[in-house]
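Asks: Predicted model, plus sequence, below.
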Amino acid sequence: MLVLTEAAAEVVKSVTDTPQAPDGTGLRITQAAEEPGGANALQLAAAAEPGANDQVVEIAGARVFLDQGAAAYLEDKVLDAEVDTQGKVRFTLGVQSPPRD
């Protein structure tokens, strides 16, 4: 399952926790049908609720909704985020470390 870093959770909360957003709003990640199978095919947008078949990831109060294609691609990934000096958000993906025995 997708893991969010503490920084990513904070950015997701800042994007989705606005006065005009209803309670339960999250960041929805979908995979574009035109370009399946890669990070460039992922689309992110704030969503009031998950889609019918979305996987919901909730970490530290941040909610992320993953459609089936995105959930499959992100299964072993870590989502990180940073905000630059101009306030622009940049998300990055890494691969989760394998569990230690």
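Replies: Great, that's in hand.

Asks: And the helix or strand where Tyr73 lies, what does it pack against?
Replies: If you go by DSSP states H and E, Tyr73 is part of helix 68-74. Identification of packing neighbours for helix 68-74 by 3 or more C-beta pairs under 8 Å, 6 or more residues apart in numbering; DSSP states H and E yields strand 26-31. From N, CA and C alone the C-beta is placed, and that goes for glycine too.

Asks: Now the strand it packs on: average pLDDT?
Replies: Computed over strand 26-31, the mean pLDDT rounds to 94.

Asks: Within the sheet, what are the partner strands of that strand, with directions?
Replies: The strands beside strand 26-31 in its sheet (DSSP bridges) come out as strand 42-47 (antiparallel), strand 62-66 (parallel).

Asks: okay, the ones you listed in JSON lines with mean neighbour count and mean pLDDT next?
Replies: As requested, these are exported to JSON lines (neighbours: other C-beta atoms under 10 Å; pLDDT from 0 to 100):
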{"stretch": "strand 42-47", "mean neighbour count": "15", "mean pLDDT": "91"}
{"stretch": "strand 62-66", "mean neighbour count": "24", "mean pLDDT": "96"}
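
Asks: quick one on the thing from earlier: follow the chain on from the helix holding Tyr73 and name the next helix or strand.
Replies: As assigned by DSSP H and E, the chain's next helix or strand after helix 68-74 is strand 77-83.
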